[in-house]
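Chemist: My questions concern the predicted model and sequence given below.
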Amino acid sequence: MTTPNARRRRPKTLRQALAHPRFLLSAWAWRSLAHTLTTLVVGGLLLFVALPVYAPWAVFVSRLGHDRDAGHLAFWFLFGLLMVLCFAPLVAIPLGALERRRLHLVMPGENRSGHRTPPPGLWGWVRTRYSEAATWREVAYAAVMFPVLGLSLMVSFTLTSLTILLTLAPFILLDGNEAPISLGWTSLTTPGEALPYTLAAPVTAVLLFYACGLMSLGHAVIARALLVGPPKEVLRAELDQVTESRARLVNAFEYERRRIERDLHDGAQQRLVALSMDLGMARVDLDEGSPADQRVAAAQAKVDELIDELRELVRGIHPRVLTDRGLRDALQELADHCPVPVAVETAVPHRLPPHVEGTAYFVVAEALTNVYKHARADSVTVRARLVPGPTGAAATHTLPETVPDEGTGVLTVEVTDDGVGGADARRGTGLTGLGDRVAVMGGTMGLTSPAGGPTRIRVELPCGPIPANPTP
């Protein structure tokens with residue numbers, strides 16, 4: 001019966017097993033032997049499959065010391081380089097996939113690929129695979145496999161042959177007509193001379209297992225470095241850093257928007273209003289209908305038009321109602337200004353983070369603009385609701401009356417119109433810009449727009465923790 005202490009002392013890696021006195025009695029010895037034997041098989045297949053790739057280099061090396069024609073050497077060098085660039089990845093990519101599976105024999109764990117998911121189509125696959133570093137690391141691994149194969153073949157063949165020869169030597173020499181067996185440093189002619197060496201056969205067998213363990217460990221370290229992508233912990237840490245930096249950029253962007261809006265509203269707009277008043281006062285001192293009065297009146301009208309344009313610009317940068325009264329009233333104001341009838345349904349019981357409210361507002365504003373310009377719709381419905389949970393999966397088509405005051409929240413915004421449909425994000429920058437803006441916030445955007453309609457844009461924005469006592 002295995003005790004808990006014995007289970008804790010059991011080696012968990014090949015490196016620990018090699019340093020453990022019971023290495024030969026563990027499964028690691030046989031796993032190392034299996035890894036070495038399969039290395040010989042895989043290496044032999046690689047020699048055959050990769051022959052067109054390395055054959056020009058073999059010719060180049062063979063001519064290097066004998067051929068004095070620089071043109072021939074340059075031809076074989078460039079031809080070999082071309083073969084590597086064009087065809088080496090086609091050999092190395094399946095080799096890497098096989099080696100990651102074989103790596104589990106001696107280095108169990110998360111041996112995931114470092115490749116990215118390519119876009120659909122052959123050209124997308126070629127462009128992605130030939131441009132990523134993981135592919136060329138696999139090409140480097142394929143080159144390393146040749147010396148690894150030579151070392152594994154030499155060590156395993158030598159120790160295996162010596163073990164078999166020492167074990168069978170007495171039986172071979174029973175026949176007096178057999179030639180002496182040469183061991184290099186001595187020759188064996190009789191069974192009596194061979195018997196002491198036969199007793200050394202277990203030693204060479206032990207050396208074989210340890211040699212396989214050491215070679216497999218070194219091979220696995222190289223394979224892990226070249227073939228395996230970063231672990232999930234590293235990717236998660238990098239993702240956290242990117243998320244934090246993205247949040248800082250979003251907050252800085254929103255701060256700049258508000259600063260520009262405040263400067264325009266409190267600075268340029270107020271000065272234009274004062275200028276319009278001064279022009280109005282100047283008209284009091286002029287004769288009505290005189291040329292001077294007409295020019296001042298025209299200037300005042302242009303200033304009033306500029307004030308209106310500036311007011312619309314300020315509202316587009318960051319609407320005052322969104323800052324003062326929140327998303328619910330800001331969406332209603334958008335609906336009031338839209339030429340198409342818009343019904344707004346909201347279930348947002350409290351104020352959300354400013355960057356979330358700003359993103360939701362501008363998503364709806366851009367969607368309503370697209371409806372007015374392209375959809376030829378008769379009505380639009382805007383729904384905004386706050387649901388608990390890390391994703392919007394908990395949302396239903398019925399608007400909830402309340403939201404639990406605990407956990408995390410997700411703002412779900414839907415804009416649906418009864419227009420002609422056929423919207424495609426790939427045919428324009430508007431929807432693409434919406435998707436990019438939502439992605440920056442860590443959210444998702446979905447578009448459904450069959451020909452003939454209806455068109456629905458659904459956006460989910462994470463809001464972070466829902467406060468226990470939210471501000472209305």
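Modeler: Everything's here; your move. Residues are numbered from 1 along each chain as shown.
Chemist: Roughly how far does Leu33 sit from Ser152?
Modeler: As for Leu33, its distance to Ser152 is 11 Å (criterion: Cβ to Cβ, to the nearest Å). Placement of C-beta: from N, CA and C, glycine included.
Chemist: Tell me which of those two has more neighbours.
Modeler: More crowded of Leu33 and Ser152, by other Cβ atoms under 10 Å: Ser152, with 22 against 18.
Chemist: how many other residues sit next to the nearest residue to that one once chain neighbours are set aside?
Modeler: Computed as Cβ to Cβ, 6 or more residues apart in numbering, the closest residue to Ser152 that is not its neighbour in sequence is Thr39, at 5.0 Å. Using other Cβ under 10 Å, Thr39 is surrounded by 23 other residues.
Chemist: The one 4 residues further on too?
Modeler: Other residues within reach of Gly43 by the criterion other Cβ under 10 Å amount to 16.
Chemist: Would you mind confirming that it makes contact with Met145?
Modeler: Yes - counting by Cβ atoms under 8 Å, Gly43 does reach Met145; the two are 5.7 Å apart.
Chemist: I'd guessed Val438 sits against Met445; true?
Modeler: Yes - under the criterion of Cβ under 8 Å, Val438 makes contact with Met445 at 4.6 Å.
Chemist: quick revisit: what's the distance between the residue nearest to Ser152 and Ala423?
Modeler: Thr39 is 55 Å from Ala423, by Cβ to Cβ.
Chemist: Same check on Ala330?
Modeler: In terms of Cβ to Cβ, Ala330 sits 24 Å off from Ala423.
Chemist: Please apply the same query to Trp30.
Modeler: 61 Å.
Chemist: How about Gly433?
Modeler: Gly433 is 14 Å from Ala423, by Cβ to Cβ.
Chemist: So which of the two has more stuff around it?
Modeler: Shown here are Gly433 and Ala423; by other Cβ under 10 Å, Ala423 has more neighbours (24 against 14).
Chemist: residue contacts, that one?
Modeler: Ala423 is in contact with 370, 374-375, 431, 447, 449, 455, counting by Cβ atoms under 8 Å, 6 or more residues apart in numbering.
Chemist: Counting only helices, which of the residues you listed make the cut?
Modeler: Taking DSSP state H as the definition of helices, these contribute 370, 431.
Chemist: of the contacts of Ala423, buried ones?
Modeler: 370, 374-375, 431, 449, 455 (16 or more other Cβ atoms under 10 Å).
Chemist: what would those residues look like in a markdown table with pLDDT?
Modeler: Putting those into a markdown table (pLDDT from 0 to 100) gives the following:
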| residue | pLDDT |
| --- | --- |
| Asn370 | 80 |
| His374 | 77 |
| Ala375 | 73 |
| Leu431 | 71 |
| Ser449 | 80 |
| Thr455 | 84 |
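Chemist: Just give me the closest of these to Ala58.
Modeler: Leu431 (54.9 Å; Cβ to Cβ).
Chemist: The closest one contacts Thr455, doesn't it?
Modeler: No - assessed by Cβ under 8 Å, Leu431 is found out of contact with Thr455, at 10.3 Å.
Chemist: next one: phi and psi at Pro462?
Modeler: phi -70, psi 140 (degrees, to the nearest 10).
Chemist: And for it, the neighbour number?
Modeler: 18.
Chemist: what's across from it in the sheet?
Modeler: Val410 (DSSP bridges).
Chemist: Surely it and Ala439 touch.
Modeler: No - contact between Pro462 and Ala439 fails when scored by Cβ under 8 Å: they sit 11.8 Å apart.
Chemist: now the helices: where do they sit in the stretch 1-150 of the chain?
Modeler: Counting by DSSP state H, counting those that start in this stretch, residue ranges of the helices within the stretch 1-150 of the chain are 4-9, 14-18, 27-49, 51-64, 70-102, 122-131, 133-172.
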